[in-house]
Structure formats: structure tokens, C-alpha cells
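Asks: Here is my input; please provide its structure:
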Amino acid sequence: MWADNETSDDLLGFKVHADLLVDVINDENVLPVTIGVFGDWGSGKSSVLKIVEKQLIGDNKDGFRDGTLVLYFNGWVFEGYDDAKAALLESIIEKFAKHKTLGSKVKDETSKLFKSVKWMRLMGLGFKKIAVPAANAYLTGGVSLIPYLLREFSQLDATELSDKLQGEEAENFLNSIIRKNEDDEITMVREFREDFKKMLDKSNIKKLVVIIDDLDRCTPDRLIENLEAIKLFLNVDKTAFVIGADPRIVRHAIELRYKTDGIENSSDVESRNDRIVSDYLEKLIQVPYYLPKLTDNEVETYLSLLFCQKELGSNFNKVLEAFYSTRENNRYDVFGLGDIDSILKPEEKSKLTSSVSIIASLAPIITEGLKGNPRQIKRFLNTYSLRDRLVRVAKIHDFKMDVLAKLMVLEYSSQSLFRQIYEWQSTQKGESKEIIELESLASKNSIDIIKDKYSADWGTEKSVKWLNAEPILTGIDLRDYYWITRDQLTTSISGSSLISPHIRSLVKKLIEPVSGSALTRTVSKEIKNKLNGDDYTTLMSLLEKELTKAPEKTEMHEAFIELMAENCPNVIDAYIRVIKKVDNNKIPFSLAQNFKLIESKNSGVKKLYNLFSKESSIYNNINADN
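Replies: Model prediction:
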């Protein structure tokens, strides 16, 4: 088994990306700078950030080497705070205050900065207002503020003053008083930046590098607050901020905070929102760097290194050294077991021999089915490894692990097609005439015939590639292979841990009870023409699974109906599969009206009406007027 944690050991060949980022950070001419390390969920962002940290400070546990101080934060740490801006600022100041080398040098500065943050919280304004006048009064002990407040309070009688200082309006009252004098007071932003810069100068460090990982796991509000804290308060000379995040989630958070609505043409509003998001992102992130997906050769190399890591123990370090050395001169070819033959002991070669053929066969279909995503690959292999053990424990003979691997790729990438093969083979003693025909049609690239005779899902480019990938399933008795995976045929999708937080969040928003307008906005703004093909396929597979499990829940049907109303692809086909699987008597009859209402938007829904069981209430209700 393999641990699913970020690591500074580079099994992906990503050191070149880390080297580039370090080169930018070390260029004093570009400082201050905020770098965004962007990539899909599980693409290796965290590992790149760990390599960057190690490149800058080596094994120095205090994060300080050669004049560079590196602070590493997990963005999720600030999720539970009422004000993420303040939490991030306090955390950075605390690192300086408690640092064994720098703390004593900047004691006065850190004390003043702590007071600055506390002042904001004391007044109940938080950093959400950004600029707060009169803050300098607190920094001098509040002496100049007290007479000012007393002067304002003296204009009210005791009862009125008591009322205003209590309850929900107290914050607004204090805010209005302070704002009266805002032209004469310096803003908190300017003062904080100046004091923060003084702290850096007095510490005598050459540069401060702040690495923030997992920012995309935060709620949209917390994500934006962290980015704004960096831009507004901390982006001073000698600083570099390196942020790891999924760009889709960052853009979504910005859109939620700053998007505009209007009565104008919807396409104009959408175009304006896109510009707002892009402009805002450019202001917050000066250097966006997108991690590439792994190629076939890189996946095969990664698989080889993972198996070596699992089998070789301490001798794996020699393999890593050989890998790094090879990559300096050859970054394109597969780094396989042939490259480390001289390093391996006889018993180690024996351990790895059985993995060699599996690696070669796994790489192409894993690259295609799992999108070359390192986290998905590792979790896929962990499941694969468990099932391999189950095969041996159950003493199943003539079992081909490459066949299992191919079926698992489909299981992870399209649960509905995986289940369809199960249904076909379960009635045909392990074989399937449908698979025989599909593989034959796929080999001839007869996509239109596949779509007409089977479904649009089987006719996608990804499905056709899967059908053509070795090993071919024609003539294979699939019963043992589905017996091994039977736990996933009745419970939740086995790949749920492989699904990005963004897609899980969308599914949750779709199937939770919400108003019709909220559901419409989710589909039109976040799903239709917004998701790439793989993410959309995953979304549909999850929705189909959830509806199959609970056909009695009205809100789940409403999600499908809204997707149909927006003419999203493959929705009707997915709904038909659900109708055929579930007890139609459990489907709420009140949905008939919903279907009728969307006929003008998508006439294709009419073909559903006669597919419901004739004994069901939904059938009788929806066909009552026909």
C-alpha cells in the first residue's frame, strides 16, 4: 500500500517545476511576488510546494537558511476563524515572534503588529472593511482615541448611548463614529504594511517566502480573505507568496463574491463576470503556473517508482538517485526497471518481476481513464493491491490482473458503464455478446453505430479508447472479476475518494432541497458548458448512483429535470437507466407536472413517459391527458 500524502521525494519528475519556482523566488528584481501553483485536485501541487520548501531551507527545522525565511501553512487551518485575514496575519507575526533566531530582534515590531490586529477585532469590524481609521490611536495606547469617543458620546443622553452600545447595532454605531474622522486618520492597510516592512528590515532577512497549500479546500469566503490579506497587507518588499490551489475553485470563489447580475442579455452578464474574475485573479496572482498532466511515459515511470518504493525499502533511495540523474539528460523516455537493473539485488529483482508486465499494461489505460492524476493513480493502485491480495487469499486460478485493471479504470471513470457490463455478463455466464459487438465496432471506429445501438456514453472518445485498449475482453469469463469488485456494486462508488472536492460540492448542491431558482442557477452557472468532459461524466455517474439508491426523493429527480431543461448532454439516457433499475412505484407522482413544464425546452423528455412502469402512479399521472 502507498501513503496518500504530499512528499518532498520526487517520483513525478516535478523537480523541474520546483526549480523554476525557486529561480523566480530568488530573483530579487521580481519581488514582491505572488505565485499561483495551479493544477487539478490531486495533480501534485502539494508535492511541488514541499520540494520548493526543501530546496530553499534544506533540513533546517526553523525554516531559516542563507537569509531566507520560509513559512509553510495549510490554508485549511484558517477555515474555522471568523476572519481568515486576521488569522493569517496573526499566524505569520507569531512565527516571527517565536522564532529562536529572529524573535528577539523584532520583539517591538511584532508586539505592535499584534496590537494592530487585535484592534480590528476589538472594534468588531474585522478586516472585512479593509480600511479602519483611528487605528493609530490604539497603537499609542488609545490615549488619543478616548477623548474622541467621549466627545462623540457626550452628544447623546445616557439612555440613547446605552441603547446604541448594546445589541446588534453596536458595531454599526462604533463604525460610524470612526468613519467620521477617516479623512484625518491613516488607514489600517497602510500602517500595517509599513510596520510589517519594518519588521522584515529589522530582522535582517533577505527574503520571506510564505507557502500556503490546500487553499482550495476552504470555503469561497475564506479563500478570498486569504488572497486579499496577502495582496493588501503583506505584499511588501522582499516577500514571495506561493499558493497551491485548483484554479477552477479559485475562479468560482471570485465569481461568487464579485459577480454581477442584471436584466441585460444574459450572455453579456456572463462575459462581464468572466472579465471580472480574470482581472481580479490577475491582480491577486502575478505569476500563475499550471502543472501539466502526466503523459503515458510519465505514468509508466511513476508506476515503476511506486512499485520500487513499495518493494525495496531503504534501497529505494538509490533508485531515486538514478532517476534524478537520468532525468537531467533524458526527460522524455520511460524510466523503468531496465534503468536500475545494476542497482537491484537478486531477491529484489524477483519481487519486482511480477510487476513489470502489469506496469506496461496499466499505463495507457490509467493515463486515459484517470487523466494522469497522481493522487488518483496512487489510490487506484491501493485498491488494485487489495484486490490482488483477495485473489490470492480466495485462491482464484487463471486470474489475469490486467483484465481486472482495465475493468477498474471503467469502474472509476464511468460507474454506470461498469454496472452495465455487470448486468450483461451476469445473465450470460460471465460472457457478454454486447461487449463482443462493442469491441468489434470500436476497432472499426464505428462511433455512430455505437451511439445508435447502445448509448451516447458508450460512443464517447474516452469509452471507445477504453474498448480498444488491451487486454480485449472478448472471450473472457468476467464472473470472477466482478466477484472481486462486488462490494462496489451495491454500495457507494469505489472512486468517491478520487473525485475532486469541486464535483462533490456540485453534487451536494444539486441533490439537497433548494428553491427552484437556486437549482437553476447552479445548473446554468456552474455545470452547463462549464465542466470539462471528464468532470461532467463523473458528475452524471454520481447523480445516477444517488438517484438509483433513493428514487423516492423528489429533489434528486428535480436535479435531473433541471439538467434536462438546460439540454445538458446524456441526462435523458442516464435517467432512462435509472427508470429501468428502480421500483417505479417509489417515484413521486407529483413529478409529472415538472416534466410537462420543461417539454418546450427539451422535447426529448416525452420519450420518458412510456418508459415508466404502467402500474406506477407516475406513469398514470404523466399520461393522464394523453
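Asks: Poorly predicted segments of this protein, please.
Replies: Along the chain, segments meeting pLDDT under 70 span 1-8, 78-83, 119-188, 259-273, 354-362, 369, 487-499, 513-516, 625-626.
Asks: can we see that at 50?
Replies: For the chain, the stretches with pLDDT under 50 are 123-153, 158, 161, 165, 180-186, 262-265, 490-497.
Asks: What ranges does it have for its strands?
Replies: Assigned by DSSP state E, the strands in the chain fall at 33-38, 64-65, 68-74, 207-213, 239-245, 287-290.
Asks: So for residue 593, which of the ones you listed sits nearest?
Replies: Nearest of those to residue 593, taken as CB to CB: strand 239-245 at 42.6 Å. Backbone N, C-alpha and C define where each C-beta goes, glycine included.
Asks: what's the angle from that closest one to strand 68-74?
Replies: Orientation check (axes from the mean of the first three to the mean of the last three CA atoms, to 10 degrees): strand 239-245 against strand 68-74 gives 30 degrees.
Asks: In the sheet, which strands lie alongside strand 239-245, parallel or antiparallel?
Replies: Paired strands of strand 239-245, with direction, are strand 33-38 (parallel), strand 207-213 (parallel) (DSSP bridges).
Asks: what residues does the first one touch?
Replies: Same thing as strand 33-38. Strand 33-38 is touched from outside by 21, 24-25, 45, 48-49, 230-231, 235, 239-247, 250, 284-291, with contacts defined as CB atoms under 8 Å, 6 or more residues apart in numbering.
Asks: List buried members of those residues by neighbour count.
Replies: 21, 24-25, 45, 48-49, 230-231, 235, 239-247, 250, 284-286, 288-289, 291 (16 or more other CB atoms under 10 Å).
Asks: hang on, the earlier thing: can you redo the strands of the chain as a markdown table with distance to residue 519?
Replies: Shown next, in a markdown table, are those (distance: least, CB to CB, whole Å):
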| stretch | distance to residue 519 |
| --- | --- |
| strand 33-38 | 30 |
| strand 64-65 | 52 |
| strand 68-74 | 33 |
| strand 207-213 | 33 |
| strand 239-245 | 27 |
| strand 287-290 | 32 |
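Asks: Between the ones you listed, which one is closest to residue 403.
Replies: strand 287-290 (35.5 Å).
Asks: Put the alpha carbons of the closest one into CSV.
Replies: The C-alpha coordinates for strand 287-290 follow below in CSV (Å, rounded to 0.1, in the frame of the first residue of the first chain):
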residue,chain,number,x,y,z
VAL,A,287,2.7,34.6,-11.7
PRO,A,288,0.3,31.7,-12.5
TYR,A,289,2.0,28.4,-13.1
TYR,A,290,-0.1,25.4,-14.3
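Asks: Name the residues that touch that strand?
Replies: By CB under 8 Å, 6+ apart, strand 287-290 touches 17, 20-21, 24, 30, 33-39, 247, 281.
Asks: Pick the one among the residues you listed closest to residue 69.
Replies: Using CB to CB, residue 33 is the member of those that lies nearest residue 69, at 15.8 Å.
Asks: The closest one: neighbouring residues, count only.
Replies: Counted with other CB atoms under 10 Å, residues neighbouring residue 33 total 17.
Asks: before we move on, what about residue 442?
Replies: Counted with other CB under 10 Å, residues neighbouring residue 442 total 21.
Asks: list the contacts for it?
Replies: Taking CB under 8 Å, 6+ apart, we find residue 442 in contact with 450, 464, 467, 468.
Asks: Tell me how far the closest residue to the third one other than its chain neighbours lies from residue 481.
Replies: With CB to CB, 6 or more residues apart in numbering as the criterion, residue 467 has its nearest non-adjacent residue at 3.7 Å, and that residue is residue 442. Distance check for residue 442 against residue 481: by CB to CB, to the nearest Å, it reads 19 Å.
Asks: now residue 203
Replies: In terms of CB to CB, residue 203 sits 62 Å off from residue 481.
Asks: Neighbour count for these two, which is higher?
Replies: Between residue 203 and residue 481, counted using other CB under 10 Å, residue 481 has the larger neighbour count: 26 against 21.
Asks: Residue 196 contacts residue 235, doesn't it?
Replies: No - counting by CB atoms under 8 Å, residue 196 sits too far from residue 235 to count as a contact (9.6 Å).
Asks: anything in contact with each of those two?
Replies: Residues touching both residue 196 and residue 235 (CB under 8 Å, 6+ apart): none.
Asks: got the residue ranges for the helices in the stretch 451-600 of the chain?
Replies: Assigned helices in the stretch 451-600 of the chain, in chain order: 461-468, 479-484, 501-511, 516-522, 533-549, 554-565, 571-581, 591-597 (criterion: DSSP state H, counting those that start in this stretch).
Asks: Check which residues of the fourth one are buried.
Replies: Right, helix 516-522. Residues of helix 516-522 classed as buried: 519, 522 (neighbour count, 16+ other CB under 10 Å).
Asks: Likewise for the first one?
Replies: Using 16+ other CB under 10 Å as the test for burial, helix 461-468 gives 462, 463, 464, 466, 467.
Asks: how about residue 566, what does it touch?
Replies: Residues in contact with residue 566 (CB under 8 Å, 6+ apart) are 523, 524, 527, 528, 601.
Asks: before we move on, what about residue 253?
Replies: By CB under 8 Å, 6+ apart, the contact set of residue 253 is 220, 221, 223, 224.
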